[in-house]
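S.K.: Fold the following, please.
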Amino acid sequence: MERKKEEFTKSNENKTRSRTPIKKNVKKDFKKEGQPVSTRAPRKPRESNTRKGSTAKKEEVGFKKSKLKIIPLGGLQEVGKNITVFEYENDILLVDCGVSFPEDDMLGIDLVIPDFTYLVKNKDKIRGLVITHGHEDHIGSIPYLLKEINVPIYATKLAVGLINNKLEEHKLAKKTKMHMVKQGDKITLGKFKVEFIKSCHSIPDAVALAIHTPVGVIVHTGDFKIDYTPINDDTMDFGRLAELGNEGVLALMSDSTNAERKGYTMSERTVGEVFDKLFINCTKRIVVATFASNVYRIQQIVNAAVANNRKIAVSGRSMVNMIETAMELGYIDVPKNVFIDIDMINNYTDDKLVIITTGSQGEPMSALTRMATGEHRKVHITSNDLVIISATPIPGNEKFVAKVIDDLMKIGAEVVYSSLADIHVSRTCLPRGTKVDACFSKA
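M.R.: Sure thing, here's the model as predicted:
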C-alpha cells in the first residue's frame with residue numbers, strides 16, 4: 001500500500017511539472033555554486049513614450065550626410081560684388097570676391113564691397129578663395145577681405161597678375177599665399193575638390209568650376225559667353241561640361257546677364273571689323289573708351305591702330321595697369337614703339353594718334369568724363385576728335401553715359417556708341433533664339 005501511494009505521489013509531481021511552461025532564454029547563475037537554475041522569465045524593458053519606429057529613424061539620421069550650405073554674400077539681384085560661400089561641416093570654400101560701383105544716391109562712396117561679418121565669425125573654417133576670372137566685380141574686394149582674414153587664393157595666370165597689383169598697392173603681397181592654377185587643374189580644399197574648366201569670356205584665362213562635394217557636384221559657370229570664334233581661338237570646354245552632365249549635377253549656378261534678351265551674342269571678332277571700318281581713312285584723332293579688363297577688345301584696338309600707322313597713348317590708371325600686366329604675361333601682342341607716353345601726344349598729328357581710356361560707364365572721376373568736362377590735364381577734346389565708346393551701359397549707369405555723350409557733342413566731337421554701331425558685344429551670353437539684327441552706321 002505504501003509503495004503504491006509513493007508511486008502515485010511521484011506521478012502527480014511529474015504531471016505538475018509537465019504543465020509548467022519552459023522558458024527558452026534561461027540564464028544560469030554561476031555566482032554561487034549549487035544554487036538552482038532560475039527559470040524566471042526576464043522582464044521586458046519599459047516602452048518609452050516615443051512612437052514606434054522612432055529608434056529606427058534615429059539610427060537612419062545618424063548615417064545621413066551633412067547638409068551643404070550655399071550662401072551668396074553678393075552678386076544676386078545686382079551687378080557686381082560677386083562672392084559665394086560653400087559650407088560643408090567645418091569647411092568653407094569661397095568663390096570670387098568682387099566690388100560694385102556706387103549708385104547715384106551713394107554720395108561720397110567710391111566702391112561697394114560685400115559684408116564679411118559671417119566670414120570673420122567663421123574664419124577658422126575657410127580653406128581657400130577660388131577666382132573664376134580677373135574682372136573687378138570678381139576680384140576688386142580681395143584686399144579688403146585679406147585685411148580681415150588671411151586666406152590662400154587660387155587663380156589663373158592673368159587673374160594672379162591683376163590681384164598682385166592690388167595687393168602691392170595695399171601692401172599685402174608678402175602676407176598673401178597666391179597659388180597659380182591652369183585650366184583643367186584640380187585641387188582639394190578640405191572636403192571640397194575644385195576642378196577648373198576652360199571657359200570663354202571677354203578676359204583671358206576665365207574658368208568655370210566643378211565643385212565636388214560629399215553630397216554631389218556643383219557647377220559654377222562664372223561669367224561666360226559662348227563664342228565659337230574667340231580672339232585667342234580658345235573655346236569653352238563643352239566636352240567636360242557634357243561629361244559632368246552625364247555623371248549627374250546637384251546644382252548649376254550660372255551667369256544670367258542679358259538672359260531676358262532673345263538672340264545670341266555676336267563674336268568678339270565682329271567688333272574688330274567695326275574698328276577697322278572706323279579707323280580706315282579717318283583723319284581725326286581717335287579716342288576709344290572701353291573696360292580696362294577687356295583684354296581682347298584692347299588687342300583689337302591695337303590691331304586697328306597698327307594697321308593704320310597710329311601710335312597709342314593710354315589714359316586712366318586701371319587701364320595702364322591692365323595693359324602693362326597683360327603685355328608682361330603675353331596676353332596682348334603689340335609691336336615695339338607703338339605705345340607712347342600720354343605726355344608725348346602733342347608731338348604727333350591727330351591722324352597718327354589713338355588714345356585708349358577708361359570711363360566707358362560715365363564714372364564721375366574717370367578719364368573720359370574729365371575729358372568731356374574739360375578737366376583732364378593732358379587730353380583736351382576738340383571737334384577734330386572721334387570718340388568711340390566701346391561698351392554698353394551697365395544697368396543703372398545709363399544717365400552717366402548719356403551725360404558724357406552730351407558733353408562730348410557740345411564740344412563738337414564725333415561720338416560713336418553702341419546705339420549707332422556694333423562697337424560692343426556683350427561679355428556674357430544671350431539665350432538661344434532669333435538672332436538680333438545688326439546694323440552699322442557712322443555718326
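S.K.: Need phi/psi at the residue nearest to residue 146 when sequence neighbours are not counted.
M.R.: In space, and not counting its chain neighbours, residue 146 is closest to residue 172: 5.2 Å by CB to CB, 6 or more residues apart in numbering. Where you see a C-beta, it was placed from the backbone N, CA and C, and this is true even at glycine. Dihedral angles of residue 172 (phi, psi; degrees, to the nearest 10) stand at phi -120, psi 0.
S.K.: give me every residue that touches residue 79.
M.R.: Contacts for residue 79 (CB atoms under 8 Å, 6 or more residues apart in numbering) come out as 100, 137, 257, 394, 395, 396.
S.K.: just the residues you listed now: which is nearest residue 160?
M.R.: The closest of these to residue 160 turns out to be residue 137 (CB to CB; 17.6 Å).
S.K.: neighbours of the closest one, just the number please.
M.R.: 24 (other CB atoms under 10 Å).
S.K.: next structured bit after the helix or strand that contains it?
M.R.: Element membership of residue 137, judged by DSSP states H and E, is helix 136-139. Per DSSP H and E, helix 136-139 leads on to helix 142-146 as the next helix or strand towards the C-terminus.
S.K.: So which elements touch that next one?
M.R.: Packing partners of helix 142-146 (3 or more CB pairs under 8 Å, 6 or more residues apart in numbering; DSSP states H and E): helix 157-169.
S.K.: quick one: the strands in the stretch 251-400 of the chain?
M.R.: 251-253, 285-289, 311-315, 339-340, 353-357, 385-389 (DSSP state E, counting those that start in this stretch).
S.K.: In contact with residue 326, which residues?
M.R.: Residue 326 is in contact with 158, 161, 204, 295, 298, 332, counting by CB under 8 Å, 6+ apart.
S.K.: quick one: the first one and residue 329 touch, right?
M.R.: In other words, residue 158. Yes: Residue 158 lies in contact with residue 329 (CB atoms under 8 Å); the separation is 6.0 Å.
S.K.: Look at those two and report which has more neighbours.
M.R.: Of the pair residue 158 and residue 329, residue 158 is the one with more neighbours under other CB under 10 Å, namely 22 against 16.
S.K.: what's near enough to touch the more buried one?
M.R.: 134, 203, 204, 205, 295, 325, 326, 329, 331.
S.K.: just residue 283 next, same as before
M.R.: By CB under 8 Å, 6+ apart, the neighbours of residue 283 are 350, 351.
S.K.: Mind doing that once more with 10 Å?
M.R.: Shown in contact with residue 283 (CB atoms under 10 Å, 6 or more residues apart in numbering): 349, 350, 351, 384, 386.
S.K.: Residue 343: which of the contacts of residue 326 is nearest?
M.R.: The shortest gap between residue 343 and any of these belongs to residue 298, at 20.7 Å (CB to CB).
S.K.: Now for the closest one, how many residues are close by?
M.R.: Residue 298: 26 neighbours (other CB under 10 Å).
S.K.: What's the separation between it and residue 89?
M.R.: 44 Å (CB to CB, to the nearest Å).
S.K.: what does residue 199 give?
M.R.: On the measure of CB to CB, residue 199 and residue 89 end up 29 Å apart.
S.K.: More neighbours: those two, which one.
M.R.: residue 199 (25 against 14).
S.K.: what's near enough to touch the more buried one?
M.R.: Applying CB under 10 Å, 6+ apart, the residues contacting residue 199 are 132-133, 183, 205-209, 221-226, 234-237, 241, 255.
S.K.: What strand or helix carries the residue nearest the centre of the chain?
M.R.: Central residue of the chain (CA atoms, centre = their mean): residue 222, 4.2 Å from the mean position. According to DSSP H and E, residue 222 maps onto no helix or strand at all.
S.K.: my read: it touches residue 132, true?
M.R.: Yes: at 3.1 Å, residue 222 counts as touching residue 132 under the criterion of CB atoms under 10 Å.
S.K.: Overlap of the contact sets of those two?
M.R.: In contact with both residue 222 and residue 132: 82, 95, 96, 138, 199, 201, 206, 207, 208, 209, 255, using CB under 10 Å, 6+ apart.
S.K.: any common contacting residues for residue 158 and residue 329?
M.R.: 204, 205, 295.
S.K.: The last one touches residue 230, doesn't it?
M.R.: No: in this structure, residue 295 is not within contact of residue 230 by CB under 10 Å, at 11.6 Å.
S.K.: Neighbour count for those two, which is higher?
M.R.: residue 295 (26 against 19).
S.K.: residue contacts, the more buried one?
M.R.: Contacts of residue 295 by CB under 10 Å, 6+ apart are 134, 158, 201-205, 231-232, 322-323, 325-327, 329, 331-332.
S.K.: Swap in 7 Å and give it another go.
M.R.: By CB atoms under 7 Å, 6 or more residues apart in numbering, residue 295 lies in contact with 203, 204, 326, 331, 332.
S.K.: In TSV, list these along with distance to residue 363.
M.R.: Supplementary listing: the contacts of residue 295 in TSV, determined by distance: CB to CB, whole Å:
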residue	distance to residue 363
203	19
204	24
326	21
331	24
332	23
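S.K.: Just those residues: which are in helices?
M.R.: Residues of the contacts of residue 295 located in helices (DSSP state H): residue 326.
S.K.: Buried subset of the contacts of residue 295, written for ChimeraX?
M.R.: Remark: buried members of the contacts of residue 295, expressed as a ChimeraX selection using 16 or more other CB atoms under 10 Å:
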select :203,204,326,331,332
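S.K.: could you redo the contacts of residue 295 as a markdown table and give each row pLDDT and distance to residue 74?
M.R.: Output for the contacts of residue 295, formatted as a markdown table (pLDDT from 0 to 100; distance: CB to CB, whole Å):
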| residue | pLDDT | distance to residue 74 |
| --- | --- | --- |
| 203 | 90 | 19 |
| 204 | 91 | 24 |
| 326 | 93 | 26 |
| 331 | 92 | 27 |
| 332 | 93 | 30 |
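S.K.: give me the low-pLDDT residue ranges for the stretch 1-150 of the chain?
M.R.: 1-63 (pLDDT under 70).
S.K.: hang on, the residue nearest to the centre of the chain packs against residue 210?
M.R.: No: with contact defined as CB atoms under 7 Å, residue 222 does not reach residue 210; the gap is 11.5 Å.
S.K.: and stretch 174-183, how far out from the chain's middle?
M.R.: 16 Å (CA atoms, centre = their mean, to the nearest Å).
S.K.: State whether residue 410 is indeed within a helix.
M.R.: Yes: Residue 410 forms part of a helix when assessed by DSSP: H, G, I helix; E, B strand; the rest coil.
S.K.: For it, grab the count of nearby residues.
M.R.: Neighbours around residue 410, by other CB under 10 Å: 10.
S.K.: And residue 260, by the same measure?
M.R.: Residue 260: 8 neighbours (other CB under 10 Å).
S.K.: Got phi/psi on it?
M.R.: phi -80, psi -10.
S.K.: mind checking how far the closest residue to residue 145 other than its chain neighbours is from residue 73?
M.R.: Once flanking residues are discounted, residue 145 sits nearest to residue 97: 5.3 Å by CB to CB, 6+ apart. Distance from residue 97 to residue 73, counting by CB to CB: 9 Å.
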